[in-house]
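Student: pasted the sequence and its predicted model underneath.
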Amino acid sequence: MKAMKTTTAMLLAVAAISVTSQAQTTNWVADPFDTANQVTNSPNWGNWFGNMYQSRAWDPTMDSGNNPGSGALLVNVIAGRPAHDQYVLWPGLPWNVDMYNLFTNVSFDICYQTGSAIRTNVTVSDNYSTGIGSLDYGVMRVGAWDNWNQDWFYTFAIPATNGLGLPNTNWTHISIPININGVLKQYPNLYTLRNIMFSMDNANYGNAILSGAQTYWIDNITFIGPSNGIVHPPPSLNPVLKTKPALRVFTGAASIYARSQLTSVNANESWIGGTYPVTYSFNLLDFPNINNVQAHLEIIPGPAYTGNPGADYNNTNCLWLQILSNGSGGYTANISWKTNSTSNNPNHNELSISSASSPAGTWTLTFNSATTGTLSGPGNNNVAFTINDPNVVADFGNPATLVVGNQPNGSTAGEGQPSDYASITVTGTAAPIADDFTTASSLDAVWTTANCDNPNSVVLVTPNQPYWIYWDTPDSGYGLGVSTNVDVGPWMLPQYYNGYYTVPQIIKNGKYNWALIPSSCLPTIDGQAQSGQALSPNAFFRLSNPPPAN
C-alpha cells in the first residue's frame with residue numbers, strides 16, 4: 001500500500017474565532033458571600049486536609065465592594081510549626097462550571113488582616129516573591145478538585161506593605177485565565193471545573209520561613225466569559241505515522257505528574273532470596289528528548305495493589321531506577337530507595353550516572369547479592385552500586401511488585417509524549433518474566449494497567465495496526481473520516497470497512513488525541529465494506545464536525 005495521505009480541507013473551511021476578540025463578557029458570581037448560608041451550607045466551605053487550617057466563618061463586616069448588605073469568607077490559619085504543614089480550603093460540593101464553552105477566567109478578591117504572619121528577607125531566587133527584599137504573606141496556590149485529585153494551576157503572593165511601606169490592608173483582585181491554550185491544555189480534565197480550592201504548602205514555594213497566625217478574607221468568586229460563548233478554532237490534523245509493533249506508553253496522558261506504567265500481577269518480583277544474579281531488563285525503542293521526562297523501574301514491597309498509581313510516593317518502601325532525559329539527547333540515571341517513609345520519593349541515592357547517549361536502548365539492573373549489583377544502559381556498562389540498608393532483606397523481600405513505565409515528572413512539554421518499549425525481562429526472581437511486545441498479539445496476563453493514572457495511556461501495538469493518526473485538542477464534535485479520493489469522497493467512518501466491528505482506539509491526552517488505525521479500518525479498492533477486495537492503494541483521512549454519518 002502506498003503511504004497514506006491526510007487532508008485538512010474541511011478544517012480550513014471552519015472559521016477560527018479568538019475568544020479574546022469578544023467585546024462583551026458574561027459574569028457568573030459563583031460565591032458572593034452575601035449570607036452566612038453561602039459559607040456554611042451551600043456550599044459548605046472547610047478544610048479538605050492539612051494542619052495549618054484553624055477555622056472559617058462568614059464576616060458581614062468585610063466586603064470587597066463595601067456593600068453593607070454583603071460580606072466575605074473569613075479564614076484563619078497558622079504556619080510555622082511542624083504539625084502545620086499545609087491546608088486545602090474548598091467548598092465541598094462540586095459546582096461543575098463549563099470552562100470549555102462558557103468561561104475563560106476565574107477571579108476573586110483577597111485581603112489580609114494587619115498583623116498576619118509574613119515572609120521576611122524574601123528574594124526573587126525562589127521564583128514566587130514580589131521583589132528583592134520585599135515582604136509578603138507567602139505563596140498561596142489556587143486549584144481545582146477532580147475526582148479526588150488536586151490540579152494546582154496558579155500561585156500568587158500578596159505584598160505585605162503598600163507603596164508607602166505601610167501595612168497592606170487593601171483588597172487585591174486576582175483574575176486567572178483558564179482557557180484552552182493555558183490551564184486547560186495542561187489539565188484537560190478541568191474542562192468542567194468542579195470547584196475552586198485555596199491552599200498553602202508550608203514546606204514548598206519558599207514558605208518554610210513563614211511562621212505564625214494569618215487571617216484573610218476572600219470575596220466574590222466569579223467566572224468570566226464572552227457573552228456569546230466560546231468559539232473554538234478547529235483542531236489540526238498531523239501527518240500519518242507508521243507504527244512500530246511495541247508497547248506504546250504515552251507519558252502522563254492525565255497530568256504532568258501522572259504515571260503511565262505496567263505493574264506485575266504477581267507480587268514475587270523481589271531480588272531478595274532470588275537466584276543470583278537477578279536481572280531486571282527493558283528495551284526502549286525511543287524516548288522523548290524533553291528535559292526531566294522520566295522512565296522508571298520500581299520494586300515496591302507489599303501485597304499486590306490496585307488503583308495506586310503513585311505507590312512509589314505513597315507506599316513506605318520502594319527501590320527505583322529513575323532515568324531522566326536531559327533534553328539535549330542524553331540522560332541521567334539514578335538508583336535510589338526509601339524505607340518507612342510515606343508521601344516521599346526514594347531519597348537514599350546509591351548511584352547516579354550521566355551519558356550523552358539517548359535513553360533509548362537496553363537497560364539492565366543486576367543484583368549479585370541482596371545489597372550489591374550493577375547497572376547497564378546506553379553509554380554505560382556494569383556500573384557498580386551498593387544498597388546501604390542494614391535491613392534490606394526485611395525491607396525489600398517478597399511480597400513485592402515490579403513497576404515499569406514513564407511520567408512527565410512535572411514537565412508540561414513532556415505530558416502526553418509517546419515512547420515505545422520492545423520488551424521487559426526479569427530473571428532469577430520467584431516469578432520470572434519474559435515479554436516481547438514486538439511479537440505479542442495481546443498484553444500478557446502477568447501485567448495490569450490498573451495502576452496508571454490513565455490506563456488508556458498504555459497501548460500494545462500489533463502488526464495489524466499499521467498507522468497512527470493524531471491531532472491537537474480541543475476537538476469536541478469532531479470525528480475521523482477516511483476516503484480513497486480527497487476531492488470527491490465519499491467520506492466514511494473508518495469502522496465502516498469492517499462492518500463496524502472494530503473501531504480505531506483513541507488515546508486522549510492534554511495536547512493530542514491519537515487514533516490507532518487497524519488494517520480492517522482501511523478502504524478497499526471497490527470502496528465497499530467487507531467485500532473481500534484488496535485494500536485501496538490510497539487512503540485519505542480528515543477530521544470533520546460533524547463526522548461522517550455512515
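Tutor: Cool, the structure landed. Numbering: from 1, shown residues only.

Student: from here on, contacts and neighbour counts on C-alpha atoms
Tutor: Fine.

Student: touching, residue 494 and residue 484? I think so.
Tutor: No - in this structure, residue 494 is not within contact of residue 484 by C-alpha atoms under 8 Å, at 11.5 Å.

Student: give the intersection of the neighbour lists for those two.
Tutor: Here residue 494 and residue 484 have residue 523 as joint contacts, going by C-alpha atoms under 8 Å, 6 or more residues apart in numbering.

Student: what about stretch 348-355, distance to the chain center?
Tutor: Relative to its parent chain, stretch 348-355 has a centroid offset of 26 Å by C-alpha atoms, centre = their mean, to the nearest Å.

Student: got the buried residues for it?
Tutor: Going by neighbour count (16 or more other C-alpha atoms under 10 Å), the buried part of stretch 348-355 is 349, 351, 354, 355.

Student: with stretch 139-150 instead?
Tutor: 139, 140, 141, 142, 143, 144, 145.

Student: run the chain-centre distance for it.
Tutor: 13 Å.

Student: pLDDT of that stretch, averaged?
Tutor: Averaged over stretch 139-150, pLDDT sits at 85.

Student: could I get the CA-only coordinates of it as CSV?
Tutor: The C-alpha trace of stretch 139-150 is given here as CSV (Å, rounded to 0.1, in the frame of the first residue of the first chain):
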residue,chain,number,x,y,z
VAL,A,139,2.7,31.8,48.3
MET,A,140,-0.9,30.7,48.0
ARG,A,141,-2.0,28.1,45.5
VAL,A,142,-5.2,28.0,43.5
GLY,A,143,-6.5,24.8,42.1
ALA,A,144,-9.5,22.6,41.5
TRP,A,145,-10.8,19.2,42.7
ASP,A,146,-11.2,16.5,40.1
ASN,A,147,-12.3,13.1,41.3
TRP,A,148,-10.2,13.4,44.4
ASN,A,149,-7.2,14.7,42.5
GLN,A,150,-5.7,18.1,43.0
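
Student: who touches it?
Tutor: 128-129, 151-158, 189-190, 193-201, 205-207.

Student: at 7 Å what do you get?
Tutor: 128, 151-157, 193-200, 205, 207 (C-alpha atoms under 7 Å, 6 or more residues apart in numbering).

Student: bridge partners for residue 226, pull those for me.
Tutor: Note on residue 226: beta-bridge partners residue 25, judged by DSSP bridges.

Student: and the strands in the stretch 1-150 of the chain?
Tutor: Listed in chain order, the strands of the stretch 1-150 of the chain (DSSP state E, counting those that start in this stretch) span 5-6, 25-31, 46-47, 53-59, 72-79, 86-90, 97-98, 105-112, 136-146, 149-159.

Student: how about the stretch 201-350 of the chain?
Tutor: Taking DSSP E, counting those that start in this stretch as the criterion, the stretch 201-350 of the chain carries its strands at 212-226, 241-242, 246-250, 260-264, 278-286, 294-301, 318-325, 331-338, 348-355.

Student: buried stuff in the first one?
Tutor: Neighbour-count burial for strand 212-226, with 16+ other C-alpha under 10 Å as criterion, is recorded at 213-226.

Student: so residue 120 makes contact with residue 138?
Tutor: No - applying C-alpha atoms under 7 Å as the test, residue 120 and residue 138 come out as separate, 9.5 Å apart.

Student: neighbour-wise, which of these two wins?
Tutor: residue 138 (30 against 15; other C-alpha atoms under 10 Å).

Student: spit out the contact partners of residue 507.
Tutor: Counting by C-alpha under 7 Å, 6+ apart, residue 507 has contacts 456, 457, 513, 514, 515.
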